[in-house]
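[1] Dropping the sequence and predicted coords here.
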Amino acid sequence: MANITKSPWIIHYDGSSCNGCDIEVLACLTPLYDIERFGIINTGNPKHADIFLITGGINYQNVDIVKNTYEQMVDPKVVVAVGICATSGGVFRECYNIMGGVNEVIPVDVYVPGCAVRPEAIIDGVVQALGILEEKRAQLEKEQGGAKK
Amino acid sequence: MGRQIVVPFGPQHPVLPEPIHLDLVLEDEVVVEAVPSIGYIHRGLEKLVEKREYTDYIRIAERICGICSFTHSVNYAESVEKVMGLEVPARAHYIRTILMEYSRMHSHMLWLGLTADAMGFENLFMNSWRIREAILDDMEMATGGRVIQGLCTVGGIRKDVPDEMLGQMSDHLKEITPQMEELCKIFSHDTSVRHRMRGLGVLTKEEMWELGGVGPTARGSNLPLDARCTGYSAYDELGFKPVVEKEGDCLARCIVRARELMAAADLVHAAVKKMPDGPVDVGKIKGGPDGEAFFFTEQPRGEVLHYVKGNGSKYLVRHRVRTPTFANIPPLVKMLAGVDLADVPVVVLTIDPCIGCMER
């Protein structure tokens, strides 16, 4: 954590989850777990966000919304698949309306399995995502030859 | 009269933890009409009964919704037990009742927090969720899961909760009761809360009855509809009375939920005191369900109805769920007409939308 220099903001979208993981994502923001102490804020605006937390599998109705939200986010960005449904489809894998995990439509950087996933696991996933975000930022700067941070 | 414009609300919106889409037809700042469209979380899990044995399917039934998970599993179990004529031991019924009331408390506190968040009252949001963690700790101690418990099975419960642990839970609940009372007081008396919710989204008793609202949404309009009055599980022995408020506005619906926190705590204490001894399941179940049954229970959001139909095999033929949020959408659409755009998030939240349940 010591090498994190920026305050990453997250955006959360509920794919087709049962809610269990969503309320655990919200629980991360509240006093017991309080990820805001790392400067992490839950935002509703994809353009402001660095980390895309997505819960639940992808279905035919929400596939465009997920793609759209992802495309609106500014580089560098990371995607965290929260819960087993977002990872692979989970218990709903065989349902007729489920296409599978999030990686069916957008690239996923961190997978956080669990049903329902525990807040500690979500925080661990987000911290791993922060490392990847730093790498991507460095890569982007190298490619663009831009100013150092 | 101003020009009419349509503002899309959702499915990805900061105030909504779950996706629902509303097309709001506005005249200046006032909503004239709200047109809901749903289906963003539809998974089609009712069809899975054809692929999972009826005893395993309870794991899926529990995952219809992550907030009312325990009530869904009890409702599914009760419907299958009704078809098969299984006599579930009293102790299992009592433990189910205790956990259903715990999930009601955690759900209501979650909702109170989200409503505070929708009003922009961050401090109250954080405090509601802080107290909620104490409830989740107890649920985790008893069952091993925070939001998905996996305790209920067809024919009883998977594992007994020992008396000492029940006593501990009851004591812990007594410790946090003053905090819950404080929370109730803020929601019913605080000036900014009253200012945001008093007189907003009013539905009369008659309108609510005609539109078919259920749960705390209906009880806020002085309609004493509560499936717990039918006395399923152990409710008939615990002296239960529904909580109602007269005004029918957002504040009334909020106060109903705040008061239900206390009522739920009382039910837990009463159940722990009366807890009978004995086995917690019916033992090995032979055969499959043959026939059909309806069963309805009171979720934190209102009454939920499960229908199961079997043909004697290990796989059910049909499973159908009618959830409270679906019943509460017509009242919501009526409530939204005439409110300011800035008040839409608060009004949407007062029906306690649970889209995960509604769309399955």
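    Now that the structure is in, tell me what you want to look at. Residues are numbered from 1 along each chain as shown, chains lettered A, B, ... in the order given.
[2] Over the helix or strand encompassing B:Val32, what's the mean pLDDT, rounded is fine.
    For B:Val32, the host element (DSSP states H and E) is strand B:30-37. When pLDDT is averaged along strand B:30-37, the result is 83.
[3] Check which helices and strands the helix or strand following that strand sits against.
    Following strand B:30-37 in sequence order, the next helix or strand is helix B:57-62 (DSSP H and E). Packing contacts for helix B:57-62, counted by 3 or more CB pairs under 8 Å, 6 or more residues apart in numbering or on different chains; DSSP states H and E, involve helix B:69-84, strand B:152-153, strand B:316-322. C-beta coordinates here come from the backbone N, C-alpha and C atoms, glycine included.
[4] any bit of the longest one sitting next to chain A?
    Which is helix B:69-84. Yes: counting by CB under 8 Å from any CB of the partner chain, chain A is contacted by helix B:69-84 at B:Ser69.
[5] next one: stretch B:167-184
    No: residues of stretch B:167-184 are not located near chain A by CB under 8 Å from any CB, the shortest gap being 12.6 Å.
[6] And the contacts of that stretch?
    The contact list for stretch B:167-184 (CB atoms under 8 Å, 6 or more residues apart in numbering or on different chains) reads B:98, B:105, B:109, B:112, B:127-128, B:131, B:134-135, B:137-138, B:141-142, B:255, B:258-259, B:261-262, B:265, B:268-269, B:272.
[7] Check these one by one and keep those near chain A.
    Among the contacts of stretch B:167-184, the ones lying near chain A by CB under 8 Å from any CB are B:Asn127.
[8] Now restrict the contacts of stretch B:167-184 to buried residues only.
    Those of the contacts of stretch B:167-184 that meet the buried threshold are B:98, B:105, B:109, B:112, B:127-128, B:131, B:134-135, B:138, B:142, B:255, B:258-259, B:261, B:265, B:268-269, B:272, by 16 or more other CB atoms under 10 Å in any protein chain shown.
[9] who's in contact with the helix or strand of chain A with the lowest mean pLDDT?
    Of all helical and strand segments in chain A, the minimum by mean pLDDT, DSSP states H and E falls on strand A:41-43, at a mean of 82. Residues from elsewhere that reach strand A:41-43 (CB under 8 Å, 6+ apart): A:7, A:9-12, A:26, A:29, A:49, B:14.
[10] any idea which helix or strand carries whichever residue of the stretch 251-360 of chain B sits closest to chain A?
    Residue nearest to chain A within the stretch 251-360 of chain B: B:Gly356 (3.9 Å; CB to the nearest CB). Using DSSP H and E, B:Gly356 maps to helix B:355-359.
[11] That helix - contacts with which helices or strands?
    The contact analysis (3+ CB pairs under 8 Å, 6+ apart) places helix B:355-359 against helix B:324-336.
[12] Geometric centre of the chain: which residue is closest?
    I went with chain A, as the question did not name one. A:Leu53 (2.3 Å; CA atoms, centre = their mean).
[13] To clarify, I was referring to chain B.
    Closest-to-mean residue, chain B, CA atoms, centre = their mean: B:Pro300 / 2.4 Å.
[14] Excluding chain neighbours, give the residue nearest to it in space.
    Distances taken as CB to CB, 6 or more residues apart in numbering or on different chains place B:Ser107 nearest to B:Pro300, at 3.6 Å, with adjacent residues excluded.
[15] The one you found: neighbour count?
    The number of residues packed near B:Ser107 is 28, by other CB atoms under 10 Å in any protein chain shown.
[16] for it, what are its contacts?
    Counting by CB under 8 Å, 6+ apart, B:Ser107 makes contact with B:67-68, B:300-301, B:352.
[17] residue ranges of the strands in chain A, please?
    Assigned by DSSP state E, chain A shows strands spanning A:9-14, A:41-43, A:51-55, A:58-59, A:78-82, A:98-100, A:110-112.
[18] ranges for the helices of chain B?
    In chain B, helices defined by DSSP state H lie at B:57-62, B:69-84, B:90-119, B:122-143, B:163-189, B:191-197, B:205-211, B:215-219, B:250-274, B:324-336, B:344-350, B:355-359, listed in chain order.
[19] quick one, the longest one and helix B:163-189 angle?
    Relative orientation of helix B:90-119 with respect to helix B:163-189: 30 degrees, computed using axes from the mean of the first three to the mean of the last three CA atoms, to 10 degrees.
[20] Figure out how far the helix of greatest length in chain A is from the centre of its chain.
    In chain A, with assignment by DSSP H, the single longest helix is helix A:119-144. Counting by CA atoms, centre = their mean, to the nearest Å, helix A:119-144 is centred 11 Å from the centre of its parent chain.
[21] Close to chain A: what parts of the stretch 101-250 of chain B are there?
    Residues of the stretch 101-250 of chain B found near chain A (CB under 8 Å from any CB) are B:110, B:113, B:125-127, B:129-130, B:133, B:145-148.
[22] Present those as JSON lines; the columns should include pLDDT.
    Listed next are those as JSON lines, based on pLDDT from 0 to 100:
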{"residue": "B:Leu110", "pLDDT": "89"}
{"residue": "B:Gly113", "pLDDT": "89"}
{"residue": "B:Phe125", "pLDDT": "88"}
{"residue": "B:Met126", "pLDDT": "88"}
{"residue": "B:Asn127", "pLDDT": "88"}
{"residue": "B:Trp129", "pLDDT": "90"}
{"residue": "B:Arg130", "pLDDT": "89"}
{"residue": "B:Glu133", "pLDDT": "90"}
{"residue": "B:Gly145", "pLDDT": "84"}
{"residue": "B:Arg146", "pLDDT": "86"}
{"residue": "B:Val147", "pLDDT": "86"}
{"residue": "B:Ile148", "pLDDT": "87"}
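[23] So B:Cys184 versus B:Met109, what's the distance?
    B:Cys184 sits 11 Å away from B:Met109, going by CB to CB, to the nearest Å.
[24] any residues in contact with both of those two?
    Among the neighbours of B:Cys184, those also in contact with B:Met109 (CB under 8 Å, 6+ apart) are B:Leu261.
[25] count of neighbours near the residue lying closest to B:Phe295 once chain neighbours are set aside?
    Spatial nearest neighbour of B:Phe295, excluding adjacent residues (CB to CB, 6+ apart): B:Ser79 at 4.0 Å. Neighbourhood size, B:Ser79 [other CB under 10 Å]: 26.
[26] surely B:Ser79 meets B:Lys309?
    No: applying CB atoms under 8 Å as the test, B:Ser79 and B:Lys309 come out as separate, 9.8 Å apart.
[27] Chain B contacts on chain A?
    Chain A comes close to chain B at residues A:12-24, A:26-27, A:30-32, A:43-46, A:56-57, A:59, A:61-62, A:65, A:69, A:91-92, A:94-98, A:115-116, A:118, as judged by CB under 8 Å from any CB.
[28] what ranges of chain B fall below the confidence cut-off?
    Residues of chain B meeting the criterion pLDDT under 70: B:1-2, B:14-17.
[29] Tell me which residues touch residue 89, please.
    Picking chain A for this. For A:Gly89, the contacting residues are A:57, A:98-101, by CB under 8 Å, 6+ apart.
[30] Chain B, not that one
    Counting by CB under 8 Å, 6+ apart, B:Pro89 makes contact with B:156, B:278-282.
[31] and it, how far is that from B:Ile131?
    33 Å.
[32] can you check B:Gln12 too?
    Applying CB to CB to B:Gln12 and B:Ile131 gives a distance of 29 Å.
[33] can you pull the contacts of the residue nearest to the centre of chain A?
    Neighbouring residues of A:Leu53 by CB under 8 Å, 6+ apart: A:10-13, A:25, A:80, A:82, A:122, A:126.
[34] ok, back up a step: can you tell me which of the residues of chain A next to chain B are buried?
    The neighbour count (16+ other CB under 10 Å) marks A:12-24, A:26-27, A:30, A:43, A:46, A:56-57, A:59, A:61-62, A:65, A:69, A:91-92, A:95, A:97-98, A:115-116, A:118 as buried among the residues of chain A next to chain B.
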